[in-house]
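Participant: dropping a prediction and its sequence here:
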Amino acid sequence: MTLSKFFGDYLKKEPLFLNKTVFQGAYLPETIPHRDEQINQIAKILAPLLRGDKPSNIFIYGKTGTGKTMSMKYVVKSMKDALKDNAIKFIYVNCKLKRVADTEYRLMAQLAREFGKEIPSTGLPTDEVYKILFNAIEKESKPLLIVLDEIDQLVRKTGDTVLYNLTRCNEELKNAHITIVGLSNDMVFIDNIDPRAKSSLSEEELIFPPYNAIQIQDILKQRVKIAFKKNTLDPGTIEKCAAYSAREHGDARRALELLRVAGELAERDAKENITIDYIDKAEEKIERDRLLDITSTQPKQSQCILYSIIALATNKKGNIFTGEIYEHYKSLCKKTSLRPLTQRRISDVLAELDMLGIINAKIISKGRYGRSREVSLAVPNSSITNIKKTLEEELALT
DNA sequence: GTCAATTCACATGAAAGAGACCACGGTCTAGTG
DNA sequence: CTAGACCGTGGTCTCTTTCATGTGAATTGACGA
């Protein structure tokens, strides 16, 4: 088959997707199923804003994919619609985004940019940015609603002074006020912050429970209607998709991604519809891509450590401990002319790899024989060789 | 046999340093009229 | 005279080192039955 014929066939073939945008994170559906109660609560709390009064700050907790962001955006959009004149300034910031808002400075800079100020990515003192932001807010003299998504990430990295400063800002503003809505995945984090910031931030608290399988099905059905042609999905696919995600922790985002990838795979195979086994294939592909992506974007040192773990795990049965990894890593460094890091650092890197889900690390005490991390690979056997290969390329090993 | 003390091999925390990046202000240089 | 090049200073940010302190159970050893 010639290439031109292939492309010709490709064009002739009808795509499975009618509208792919419904799978994107920014997509905001008409209605948000199973979140009426939460949305109403948020709306009630924030309603005073419409009259220019200062509502309570809100702290919203819920695991990933429970619709926090979406519900919040929905409320904001509705408020905007009701208002018509831009009497309120809304700002949405995702604190997890690397190099955007994951430090105090960057958050302030990002907020100031929303007011049209040019803030360099570095070089300015933080309190200078504070002043710029403060003046900008004062000059706009509008109520300000800031939604801080993944606020736990920010606080974990930079401490709670950010929140404290932001809330304290309110006391000094004359012509405006700031309302903060914090979205968090982590419930315990709120207990570890400065009590003053805490009481100020969590004047109102909301919890988004995980979706159950039935609810995820509803969400999927709603999107599928728009996304695919009729009868593209075999019976049972939605159910399976929902079941997979509900098994985790009711992550709707994951369910949608699963469905999208399944669709893409089926389309690539020139299939007329999406069968159940494409869900499995999609799950596999997502996981494989995720692992490969993580491993190839890690810093050299982490890669080197991961390579050591893989080498040890394939050579030797049983569990691996920090000390062994460090020894192997040091010898590997000699080969690659990498400057070996201290064991202290290795300890942290192992914890990071654990967080990323590439390895399982458990701290165990071997009694008289010390205390250590017990490490094993969290990667399916089928992917190990693949990962190993990419690591060898990255590290320029033979 | 029992029980507290000891001990190992790290984990975990805090603080501080190195090096990259950048803004700002002042000084120097070269081009212009 | 002025625009741009070129410093020095001071700031953030990431990754790392240094120093200090914490930790949980196997082992040890004293003790009494």
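Facilitator: Structure's in. What do you need?

Participant: for chain A, which residue gets nearest to DNA strand B?
Facilitator: Closest residue of chain A to DNA strand B, C-beta to the nearest atom of the strand: residue A:370 (1.7 Å). (Glycine included, C-beta is placed from N, CA and C.)

Participant: what parts of the stretch 101-250 of chain A come near DNA strand B?
Facilitator: A:120, A:121, A:122, A:123, A:124 (C-beta under 7 Å from any atom of the strand).

Participant: can we see that at 10 Å?
Facilitator: A:118, A:119, A:120, A:121, A:122, A:123, A:124, A:125, A:128, A:132, A:159 (C-beta under 10 Å from any atom of the strand).

Participant: I'd like those laid out as a markdown table, including pLDDT.
Facilitator: Shown next, in a markdown table, are those (pLDDT from 0 to 100):
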| residue | pLDDT |
| --- | --- |
| A:118 | 82 |
| A:119 | 83 |
| A:120 | 83 |
| A:121 | 81 |
| A:122 | 82 |
| A:123 | 80 |
| A:124 | 85 |
| A:125 | 86 |
| A:128 | 86 |
| A:132 | 87 |
| A:159 | 76 |
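
Participant: which among those residues count as buried?
Facilitator: In these, burial by neighbour count holds for A:119, A:132, counting by 16 or more other C-beta atoms under 10 Å.

Participant: could you dump the residues of the stretch 101-250 of chain A next to DNA strand B to a markdown table with secondary structure?
Facilitator: Putting these into a markdown table (DSSP: H, G, I helix; E, B strand; the rest coil) gives the following:
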| residue | secondary structure |
| --- | --- |
| A:118 | coil |
| A:119 | coil |
| A:120 | coil |
| A:121 | coil |
| A:122 | coil |
| A:123 | coil |
| A:124 | coil |
| A:125 | coil |
| A:128 | helix |
| A:132 | helix |
| A:159 | coil |
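
Participant: ok, and of the residues of the stretch 101-250 of chain A next to DNA strand B, which contact DNA strand C?
Facilitator: Near DNA strand C, judged by C-beta under 10 Å from any atom of the strand, the entries from these are A:120, A:121, A:122, A:123, A:124, A:125, A:128.

Participant: and which of the residues you listed is nearest residue A:364?
Facilitator: Nearest to residue A:364 among those is residue A:122, at 41.9 Å by C-beta to C-beta.

Participant: pull out the buried positions in the lowest-mean-pLDDT helix or strand in chain A.
Facilitator: The weakest-scoring helix or strand in chain A, judged by mean pLDDT, DSSP states H and E, is helix A:195-201 (a mean of 77). Under the neighbour-count criterion of 16+ other C-beta under 10 Å, helix A:195-201 has A:197, A:198, A:200, A:201 buried.

Participant: let's have these in CSV, adding distance to DNA strand C.
Facilitator: Listed next are the buried residues of helix A:195-201 as CSV, based on distance: C-beta to the nearest atom of the strand, whole Å:
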residue, distance to DNA strand C
A:197, 18
A:198, 23
A:200, 23
A:201, 21
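
Participant: between the residues you listed, which sits nearest residue A:28?
Facilitator: Set against residue A:28, the nearest of those by C-beta to C-beta is residue A:201 (25.5 Å).

Participant: tell me the contacts of the closest one?
Facilitator: Contact partners of residue A:201, counting by C-beta atoms under 8 Å, 6 or more residues apart in numbering, are A:57, A:59, A:163, A:167, A:180, A:182, A:190, A:193.

Participant: helices and strands around the host helix or strand of the second one, which ones?
Facilitator: In the assignment (DSSP states H and E), residue A:59 maps to strand A:58-62. With contacts defined as 3 or more C-beta pairs under 8 Å, 6 or more residues apart in numbering; DSSP states H and E, strand A:58-62 has these neighbours: helix A:36-46, helix A:68-83, strand A:178-184, strand A:204-208.

Participant: I'd like the next helix or strand past the shortest one.
Facilitator: Right, the one you point to is strand A:204-208. Note on strand A:204-208: by DSSP H and E, the next helix or strand toward the C-terminus is helix A:213-227.

Participant: only alpha carbons, please: show that following helix as CSV.
Facilitator: Extracted in CSV, the C-alpha atoms of helix A:213-227 (Å, rounded to 0.1, in the frame of the first residue of the first chain):
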residue,chain,number,x,y,z
ALA,A,213,-19.1,3.9,39.7
ILE,A,214,-22.7,4.8,38.8
GLN,A,215,-22.0,8.5,39.0
ILE,A,216,-19.0,8.2,36.8
GLN,A,217,-21.1,6.3,34.3
ASP,A,218,-23.5,9.3,34.2
ILE,A,219,-20.6,11.7,33.7
LEU,A,220,-19.2,9.6,30.9
LYS,A,221,-22.6,9.1,29.2
GLN,A,222,-23.1,12.9,29.2
ARG,A,223,-19.8,13.5,27.5
VAL,A,224,-20.0,10.5,25.2
LYS,A,225,-23.1,11.9,23.6
ILE,A,226,-21.2,14.9,22.4
ALA,A,227,-17.9,13.3,21.8
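
Participant: so how far is the helix or strand that comes right after it from its chain's centroid?
Facilitator: Using DSSP H and E, the helix or strand that directly follows helix A:213-227 along the chain is helix A:237-248. Centroid separation between helix A:237-248 and its chain, computed with C-alpha atoms, centre = their mean, to the nearest Å, is 20 Å.

Participant: for the stretch 251-398 of chain A, which spans come out with low pLDDT?
Facilitator: Where the stretch 251-398 of chain A drops to pLDDT under 70, the residues are A:398.

Participant: quick check, the residue in it closest to DNA strand C?
Facilitator: residue A:367 (1.6 Å).

Participant: OK, contacts around residue A:19?
Facilitator: Counted by C-beta under 8 Å, 6+ apart, residue A:19 has contacts A:226, A:227.
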